[in-house]
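> turn this into a structure:
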Amino acid sequence: MNAKALPAQLEAICDAQPFVTRYMIRNLVTGETFARGADEETPSASTRKTSIMMAALNAALRGQIDLEEKIVYERRLAEEVASGMFRYLTPGIVISLRDAITGMMVLSDNVCTKMVFERLTLDEVNAYCRSIGLTGTHHRFLIPPIALPPDHRLADVTTTTAADQVRLLQAILDAQDDPAVAERLGCSPTHCDYALRTLKSQILRYALPSRLPFGTLVAHKSGTGKRGRMDAGIVYRDNAPLYIIAVYTDDVPQVMPDGTPGYTVALETMGRIARACWDSF
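Down below sits the predicted model:
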């Protein structure tokens, strides 16, 4: 596929659906960037957890928290939780804070997210985001209320932008080889290495990876929101980072005109966008 045709193809994929699709894509070989509504705030769902992870690693570097702290899983942590596996397990399990961060990321486990957020505050995470230039990312709740309606306001949830997520992922990637970037992130090179390895270990492989060749490495964090689906990550080819992509769908109908669930088409749209980039780069 001719890379010159990519912008039109991306727009056609988005325009074919009745919901909003925002994206930013950065070709890491040429430096080209493609965007649609990339600076518009949108519900983040669990893609917010990448910035929570980095804020926690920053707090660890400053000595505010201990990644090796042992945490006991208590039944109260499963209340009002709608994702992950811990909520189904027997209380009394002991894990480290580092493992809680890993569970928050690779399984999007919100019991683990609660464990992390009991050691940080929303103000601290928001201050961290501002300090590294994520000006469109606003953490508003520890865990979004389960009973949120599909037409909830932006102010009811954590919001972000596709541009912010690409900026954050680019920094995590660059920090692998540049200690100065790790310093700007407020994390050690070792912590940045852990962050990238954790993103690569994501268990939930729908959305962006869904149409890529089987086994394609994608370091990403996906999200499930009441208004849409979202995913942001780094796509690799032959073990080298090829492009960074963040796609956010919004105002997705519960049911499409043909009866297909809206979330199914939202996930398929993200997969088509990721595949178009794969074929073009």
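> from here on, contacts and neighbour counts on C-alpha atoms
Will do.
> could you point out the longest strand of the protein?
strand 240-250 (DSSP state E).
> what is it packed up against?
The contact analysis (3 or more Cα pairs under 8 Å, 6 or more residues apart in numbering; DSSP states H and E) places strand 240-250 against strand 20-27, strand 42-43, helix 162-174, strand 229-237, helix 262-280.
> from the chain's centre, how far out does the strand or helix carrying His220 sit?
Element membership for His220, per DSSP states H and E: strand 218-224. Relative to the chain's own centre, strand 218-224 is displaced by 5 Å; criterion: Cα atoms, centre = their mean, to the nearest Å.
> please identify the pairing partners of it and their relative orientation?
Sheet pairing for strand 218-224, assigned by DSSP bridges, gives strand 229-237 (antiparallel).
> list the buried residues for the strand it pairs with?
By neighbour count on 16 or more other Cα atoms under 10 Å, the buried set for strand 229-237 is 229-236.
> switch the residues you listed over to a markdown table; also include pLDDT.
What follows is the buried residues of strand 229-237, written out as a markdown table (pLDDT from 0 to 100):
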| residue | pLDDT |
| --- | --- |
| Arg229 | 98 |
| Met230 | 98 |
| Asp231 | 98 |
| Ala232 | 98 |
| Gly233 | 98 |
| Ile234 | 98 |
| Val235 | 98 |
| Tyr236 | 98 |
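> if we can go back for a sec, which of the helices and strands packed on strand 240-250 is buried the deepest?
The highest mean neighbour count among the helices and strands packed on strand 240-250, using mean count of other Cα atoms under 10 Å, belongs to strand 42-43: a mean of 28.
> which ones are touching the closest residue to Pro149 other than its chain neighbours?
Spatial nearest neighbour of Pro149, excluding adjacent residues (Cα to Cα, 6 or more residues apart in numbering): Lys226 at 6.9 Å. Going by Cα atoms under 8 Å, 6 or more residues apart in numbering, Lys226 touches 148-152.
> helix/strand/coil for Lys226?
Taking DSSP: H, G, I helix; E, B strand; the rest coil as the rule, one finds Lys226 in the coil state.
> follow-up on the earlier one: and the furthest pair within the contacts of Lys226?
Leu148 and Asp151 (8.2 Å; Cα to Cα).
> follow-up on the earlier one: now do the longest strand of the chain: everything it contacts.
If you take Cα under 8 Å, 6+ apart as the criterion, strand 240-250 is touched by 19-29, 42-43, 162-163, 165-166, 169-170, 227-236, 266, 270, 274, 281.
> give me the angle between that strand and helix 262-280.
150 degrees (axes from the mean of the first three to the mean of the last three Cα atoms, to 10 degrees).
> any buried residues in strand 240-250, and which?
Quick answer for strand 240-250 (16+ other Cα under 10 Å): 241-250.
> if we can go back for a sec, among the helices and strands packed on strand 240-250, which comes closest to Ile52?
In terms of Cα to Cα, the element of the helices and strands packed on strand 240-250 nearest to Ile52 is helix 162-174, at 11.4 Å.
> which neighbouring elements make contact with the closest one?
Secondary-structure packing of helix 162-174 (3+ Cα pairs under 8 Å, 6+ apart): strand 20-27, helix 179-184, helix 189-200, strand 229-237, strand 240-250.
> of all the ones you listed, which lies closest to Leu77?
Closest to Leu77 of these, according to Cα to Cα: helix 189-200, at 22.7 Å.
> and that closest one, how far from the chain's centre?
Relative to its chain's centre, helix 189-200 lies at 14 Å (Cα atoms, centre = their mean).
> quick one: pLDDT of the residue nearest to Ser210 when sequence neighbours are not counted?
Residue nearest to Ser210 in three dimensions, not counting chain neighbours: Gly271, with 5.4 Å by Cα to Cα, 6+ apart. Reported pLDDT at Gly271 in the predicted model: 98.
> contact partners for Gly271?
Neighbouring residues of Gly271 by Cα under 8 Å, 6+ apart: 206-212.
> top of those residues by neighbour count?
Leu208 (29 neighbours; other Cα atoms under 10 Å).
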